[in-house]
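Enquirer: What shape does this take:
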Amino acid sequence: MAGNNFCIEINESYIRVGDVKKEGQLFATDHLGAVETLPAFLPGDSEKVIEEQAGYVYNLLNQIGLKKKTVGIVVPDSYTFSQITSMPKLNEKEMLSAIKFQADQFIPMPLDEINLDIELLHENVQNKSMLTLIAAAPKKLIEKIEKLLDLVGLEAETVETEISAIGRVASEIIKQDPTSQDAISKGVLFVNFGFSSTSLYFFDQKLGIFTYSHNFNIGYNLFVKEIQVNLNIDPKKSIELLKGFGLAQTASFRLDTILAPGIKDFSSELQRFLNELHEKYHGQVTEVLVFNESDRFHSFEQIIGKQMGTQARLLDLYPFFVKNNVVESFKPMLGSFAAVVGGSLR
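Expert: Okay, here's the model as predicted:
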């Protein structure tokens, strides 16, 4: 993004903002912040809720001293539709027709009710094919965000999905291996553990891009509800237990037993992804990076690592930042700002 812009990521739990740029090989920022997303903001259409949410964003921007008025917006995977697909190299008219056909296969909405975009990820000159990211967002969602921005006094220059923004970060922080000529593509699995859904992105280290993705409706909120219902406690206490203990066994609570069904379903989706990755795309995961709501689920990355039989770790962006007081204060949670960083680099 240009120097006069910053980024706002609108997600289900938090609205995160940041003004990030590149300094050499590192990211640099003097402005980062987050405010809770009102539960009724994304799923509803209440003008009162939009106004209230706008007030929180306005106060946040004043608090962290962000004066810029033009922004890039990142919208969540859980409210948008994305698919990475390979297609033959086509002329403009043929490509438009192919994109509309492909979009109609995976988007459960009429195409006249969405904003559709396509991003060329990689072109294979030898095979005369190209790898593309098709992304779409409901027009009603975009209109709601525009109302929010108008109330705050901001103007959106760009709107993109999480997978697009995070793909940009992945390309920056993972070094490509130009010597790799294996038949099997080796790469990093990014696990975007969201509030109501999870996205899995496979980053091909040879190509330096995401080449396969999968989104499924199991997220942080499922595990919070399981604790709440089984222990008959309020959501706040459930959140505290999940962050403090996760699956650890304690004298008072057996959260491992309570959360076992959700973990099983999550693991099934993960295994399905890995099987398809290997069978269809000959991909092999060599590293796993977990982020987003994983900050609030104690040792969640260990659960994923155990299911995959490999080591998984939280996405840590701290080593990639120029150090200052702002970066130090957000050190434990910089990984959750991945979409903000990627959106800022557009």
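
Enquirer: Just the element for T211, please.
Expert: In the assignment (DSSP states H and E), T211 maps to strand 209-216.

Enquirer: What residues sit buried inside that strand?
Expert: In terms of neighbour count (16 or more other Cβ atoms under 10 Å), strand 209-216 has its buried residues at I209, F210, T211, Y212, S213, H214, N215, F216. In this view, the C-beta of every residue, glycine as well, is placed from N, C-alpha and C.

Enquirer: Just the helices from the stretch 51-200 of the chain, written as ranges.
Expert: Applying DSSP state H, counting those that start in this stretch to the stretch 51-200 of the chain gives helices spanning 92-106, 139-152, 162-173.

Enquirer: low pLDDT regions in the stretch 101-250 of the chain?
Expert: Within the stretch 101-250 of the chain, the ranges that satisfy pLDDT under 70 run 175-184, 247-250.

Enquirer: Now do the strands in it.
Expert: For the stretch 101-250 of the chain, applying DSSP state E, counting those that start in this stretch gives strands covering 114-124, 129-138, 155-161, 185-193, 198-204, 209-216.

Enquirer: Run the angle between the third one and strand 198-204 for me.
Expert: With axes from the mean of the first three to the mean of the last three Cα atoms, to 10 degrees as the basis, strand 155-161 and strand 198-204 are set at 80 degrees to each other.

Enquirer: Quick one: residues in contact with strand 155-161.
Expert: By Cβ atoms under 8 Å, 6 or more residues apart in numbering, the residues outside strand 155-161 that reach it are 1, 5, 69-77, 80, 82, 115, 117, 135, 137, 142, 145-146, 149, 343, 346.

Enquirer: And these, which of them are buried?
Expert: 1, 5, 71-77, 80, 82, 117, 135, 137, 142, 145, 149, 343, 346.

Enquirer: Compile the strands of the stretch 101-250 of the chain into JSON lines and extend it with columns for distance to A103.
Expert: Listed next are those as JSON lines, based on distance: least, Cβ to Cβ, whole Å:
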{"stretch": "strand 114-124", "distance to A103": "6"}
{"stretch": "strand 129-138", "distance to A103": "6"}
{"stretch": "strand 155-161", "distance to A103": "13"}
{"stretch": "strand 185-193", "distance to A103": "22"}
{"stretch": "strand 198-204", "distance to A103": "18"}
{"stretch": "strand 209-216", "distance to A103": "15"}
